[in-house]
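**Student:** the sequence isn't on hand, but the structure is:
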């Protein structure tokens, strides 16, 4: 979880990868070449646990914290998560070093949705097919995370990067829950219902808010964010969610899936993934019609 504004860049694109190597294979080969971590590096961001610097055009390093019990605990949890997750196409490639956690670079998906970096997708509009791809890929990623006994506990597009080939990947497991251990982090104000126990279902609820943002380009109740200070905003939205008063989704192509995430229809991310895959199939076969969405437009049903 980052302390800087989530729409700003946490990671940035590196140079284009070789055509004959997968992202994970390319990353492993690069890391085996042992890039120097002793030289001065460009500051990228301040994370919850430590400072993040650029190693080179393809990698960043999250420095191992040297003080602070919470920071060291959260960092240790993140290392355990990445080691358990291993190399998987929906998880940012990674390598643990003595100095810290080295990660592949990408672009924050929230920044893309809000038009912060339109060059990252090479155009000023985001095709609906690409948004559906990201919906399916993030569902696959979260299903995989849960299959490894991990609760992310900070689901949101601030923790999703897009690589140079436009594929979505999860980052930031600092403070996540492993094998029933309670997470030591929490969700954004727009992704949590007060009273919910942190677990698979709370991750699914937050995933619903993420899908809402994907289709509309803004988080649930974003209009309140402009008129309330953060403490008041959290209280109001938590109360609305607890009363099952959600933003309208009837006109959204993913509306039934979003509603299902919020209302407890789903008990696993595999179920969510299957419904998104079905939606992708309907679109490709012409049963679901959707206009190309602009990054700054409000979603409307065709």
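**Tutor:** Happy to help now that I have it. Values in this document were obtained by computation on a predicted structure and should not be read as measured data.
**Student:** give me the contact list for stretch 189-203.
**Tutor:** Residues from elsewhere that reach stretch 189-203 (C-beta atoms under 8 Å, 6 or more residues apart in numbering): 142, 146, 151-153, 155-156, 177, 182-183, 186-187, 205-206, 209-210, 213, 219-222, 230, 233-234, 237-239, 241-242, 264, 267-269. All C-beta atoms are positioned from the backbone trio N, CA, C, and that covers glycine.
**Student:** the nearest residue to residue 139 once chain neighbours are set aside: how many residues sit nearby?
**Tutor:** The shortest distance from residue 139 to any non-neighbouring residue, by C-beta to C-beta, 6 or more residues apart in numbering, is to residue 273 (4.0 Å). Neighbour count of residue 273, defined by other C-beta atoms under 10 Å: 21.
**Student:** swap in the one 4 residues further on?
**Tutor:** Residue neighbour count, defined by other C-beta under 10 Å, stands at 15 for residue 277.
**Student:** residue contacts, it?
**Tutor:** Each residue near residue 277 by C-beta under 8 Å, 6+ apart is listed here: residue 136.
**Student:** quick check on it: phi, psi?
**Tutor:** phi -60, psi -40 (degrees, to the nearest 10).
**Student:** mind checking pLDDT for it?
**Tutor:** Residue 277 carries a pLDDT value of 95.
**Student:** quick revisit: ok, the residue nearest to residue 139 - contacts?
**Tutor:** Contact analysis of residue 273 by C-beta under 8 Å, 6+ apart lists 136, 139-140, 143.
**Student:** and the strands in the stretch 1-150 of the chain, which stretches?
**Tutor:** Ranges of strands in the stretch 1-150 of the chain, per DSSP state E, counting those that start in this stretch, are 43-46, 51-54, 59-63, 94-96, 100-104, 107-108, 125-126, 150-151.
**Student:** turn those strands into TSV, including mean neighbour count, mean pLDDT and distance to residue 72.
**Tutor:** Converted to TSV, the strands of the stretch 1-150 of the chain look like this (neighbours: other C-beta atoms under 10 Å; pLDDT from 0 to 100; distance: least, C-beta to C-beta, whole Å):
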stretch	mean neighbour count	mean pLDDT	distance to residue 72
strand 43-46	15	78	16
strand 51-54	18	88	14
strand 59-63	23	93	12
strand 94-96	19	94	15
strand 100-104	24	94	12
strand 107-108	25	92	26
strand 125-126	18	86	39
strand 150-151	24	98	19
